[in-house]
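>>> Turn this into a structure:
(one chain, ligands or ions: 2)
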Amino acid sequence: MPQTINPTDINSTSLVGIVIAVQANFCQVQIDPATPMVGGKLILCTRRARLQKIGISAIVGDRVTIDEIDWHGLKGVVIDVFPRHSLLDRPPVANADRILLVFALAEPALDPFLMSKFLVKAESTGLQVSLCLNKSDLVTDIEKQDWCDRLSEWGYQPIVISVETGLGVKELQLELDRQITVFAGHSGVGKSSLTNALIPDSNIRVAAVSGKLSRGRHTTRHVQLFTMPTGGLIADTPGFNQPDLSCSPTELPGYFPEIRQRLATAHCQFGDCTHRDEPNCVVRGEWERYPHYLDFLADSIAWEQQLQSQPKLENSLKQKSGTGTKKYEPKLESKYRQISRHTILQSLAELSEELDDR
Ligand code: GDP
Ligand code: ZN
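Ligands and ions are numbered 1, 2, ... in the order given. Down below sits the predicted model:
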């Protein structure tokens, strides 16, 4: 890449890029890596007034068109935002493809119930869910294999790594190529260590929007995308606490691969079976996470009842159409509804509360 860029060498002044950081009215846009000469450059942008007027905001992960680029100051203006194929509201990330849940095989010990909660919450986003087991250096091969076998019964193929020894880190990097991946998992499992291992050039991580955007424990409220050398993007999210499940009882079964698999080949007698004590239920059974399902079902019933008894809360939700049963989902802000019909409503941070002080 040349040191100085001559604008006349660039065919068009309007270019496409991805928003990698946002603060106040500014966003840092990384020009599409495939763009000749300037691919990968970071441009500090404001939003065109027209976009502001019609309430279109650019959030991290948005693909945008930028114009009026000042190549000396590396500044520009966002003139358009592409439709989103997914949207997480907390943390606000557009176009994420996958959630990578990071757990540790030891220190802290794996807790199947907590893991299940994270998995269900992650499934509720509608994104691809992947599971990564870190700190494999702390357990025996047999323990590792046991966990892999167990999780495979749950419907997941975990990626086993050790940031400490480097085992599996390169493979993970390749797996996340050409995608936007949101990392989640409770603190202490090695998420920060993993992010650092995946993005060796720490300079890339600190966008020049402002000092406040730089990475740090006190800046966890800002989401930022980091580019791996292989091209994949990681949403660096804060430490996550215990996920809180807030979904309706009718949605819950869809968040268990084991249930999806059972219902793909057979039917319960009742169409609205809760898979608890109804006769001729094909879901109820001896599978390992069935007790987790029952536990979460009780939570989701309580959650729904609470919603129904709180008119104010209900007012902020809309009823899902065409479901027959009463199902609610959060109302999207109109700006999001205008932009994409394929929005994903669940949030990752409901999945967990930010730890203010880790
Ligand atoms: P986070 O809270 O999830 O971001 O976790 P950190 O990245 O801060 O890591 C928590 C602790 O685990 C630190 O002391 C790391 O050095 C340690 N750690 C991270 N990865 C590994 C690993 O693969 N093996 C071992 N033994 N320790 C690790
Ligand atoms: Zn059933």
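
>>> Which other helices and strands does the longest helix seen in the chain contact?
With DSSP state H setting the assignment, residue counts place helix 290-308 as the longest helix in the chain. Applying 3 or more C-beta pairs under 8 Å, 6 or more residues apart in numbering; DSSP states H and E, we find helix 290-308 packed against helix 112-123, helix 311-315. C-beta here means a position set from N, CA and C on the backbone, and glycine is covered the same way.

>>> Which of those sits closest to ligand 2?
Set against ligand 2 and scored by C-beta to the ion, the helices and strands packed on helix 290-308 come closest in helix 112-123, at 17.4 Å.

>>> what distance separates the helix or strand hosting Q52 from the centre of its chain?
Taking DSSP states H and E as the criterion, Q52 maps to helix 49-53. Computed by C-alpha atoms, centre = their mean, to the nearest Å, the separation of helix 49-53 from the middle of its chain amounts to 28 Å.

>>> Show me where the chain dips below the pLDDT cut-off.
Residue ranges of the chain with pLDDT under 70: 1-12, 201-222, 236-243, 311-358.

>>> So if we follow the domain assignment, how does it break up?
As given by automatic domain parsing, the domain ranges for the chain are 7-83, 89-236, 252-309, 317-357.

>>> Buried ones in the longest helix of the chain, by neighbour count?
For helix 290-308, a neighbour-count test (16 or more other C-beta atoms under 10 Å) marks 290, 292-293, 296-297, 299-300, 303-304, 307 as buried.

>>> Mean neighbour count added to the helices and strands packed on helix 290-308, as JSON lines?
Converted to JSON lines, the helices and strands packed on helix 290-308 look like this (neighbours: other C-beta atoms under 10 Å):
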{"stretch": "helix 112-123", "mean neighbour count": "21"}
{"stretch": "helix 311-315", "mean neighbour count": "10"}
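
>>> can the ones you listed go into JSON lines with extra columns for distance to ligand 1?
Listed next are these as JSON lines, based on distance: least, C-beta to the nearest ligand atom, whole Å:
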{"stretch": "helix 112-123", "distance to ligand 1": "13"}
{"stretch": "helix 311-315", "distance to ligand 1": "32"}
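
>>> Mind putting the ones you listed into a markdown table with distance to K191?
Shown next, in a markdown table, are these (distance: least, C-beta to C-beta, whole Å):
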| stretch | distance to K191 |
| --- | --- |
| helix 112-123 | 12 |
| helix 311-315 | 32 |
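
>>> Any chance of JSON lines for those helices, columns distance to ligand 2?
Formatted as JSON lines, the helices and strands packed on helix 290-308 follow (distance: least, C-beta to the ion, whole Å):
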{"stretch": "helix 112-123", "distance to ligand 2": "17"}
{"stretch": "helix 311-315", "distance to ligand 2": "27"}
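
>>> My guess is E153 contacts Q261. True?
No. Taking C-beta atoms under 8 Å as the definition, E153 is not a contact partner of Q261, at 10.7 Å.

>>> Helix or strand: which one has K170?
helix 169-175.

>>> Residues contacting the helix or strand that comes right after that helix, please?
Going down the chain from helix 169-175, the next helix or strand is strand 180-184, by DSSP H and E. Strand 180-184 is contacted by residues 61, 88, 91, 93, 95-102, 118, 122, 127, 130, 191, 194-195, 225, 232-237, 240, 348, 351-352 when judged by C-beta atoms under 8 Å, 6 or more residues apart in numbering.

>>> near ligand 1, which residues of the protein?
Counting by C-beta under 6 Å from any ligand atom, the residues of the chain close to ligand 1 are 134-135, 137-138, 162-164, 187-193, 239.

>>> what's the most distant pair in these?
D137 and G239 (21.8 Å; C-beta to C-beta).

>>> who's more crowded, these two?
Between D137 and G239, counted using other C-beta atoms under 10 Å, G239 has the larger neighbour count: 21 against 14.

>>> could you pull out the strands for the stretch 101-250 of the chain?
Using DSSP state E, counting those that start in this stretch, the strands found in the stretch 101-250 of the chain span residues 128-134, 159-160, 180-184, 224-227, 233-236.

>>> Could you list the paired strands of the first one along with their orientation?
Take DSSP bridges as the rule and strand 128-134 pairs in its sheet with strand 98-104 (parallel), strand 159-160 (parallel).

>>> Dump the longest one to CSV, keeping only the CA atoms.
C-alpha atoms of strand 98-104 as CSV (Å, rounded to 0.1, in the frame of the first residue of the first chain):
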residue,chain,number,x,y,z
ARG,A,98,-22.0,-16.0,14.4
ILE,A,99,-21.8,-16.0,18.2
LEU,A,100,-18.8,-17.7,19.6
LEU,A,101,-19.4,-18.8,23.1
VAL,A,102,-16.1,-19.2,24.9
PHE,A,103,-15.8,-21.4,28.0
ALA,A,104,-12.9,-22.8,29.9
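
>>> what's that strand in contact with?
Contacts with strand 98-104, where a contact means C-beta under 8 Å, 6+ apart, come from 110, 115, 118-119, 122, 125, 127-135, 138, 176, 179-185, 188-191, 194, 348.

>>> Now the buried members of those.
110, 115, 118-119, 122, 125, 127, 129-135, 176, 179-185, 189-191, 194, 348.

>>> So which bits of this protein are right by ligand 2?
Contact residues, the chain versus ligand 2 (C-beta under 5 Å from the ion): 268, 273, 275, 281, 283.

>>> now those in CSV, with distance to G76 and secondary structure?
Output for those, formatted as CSV (distance: C-beta to C-beta, whole Å; DSSP: H, G, I helix; E, B strand; the rest coil):
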residue, distance to G76, secondary structure
C268, 56, coil
C273, 55, coil
H275, 53, coil
C281, 58, coil
V283, 53, coil
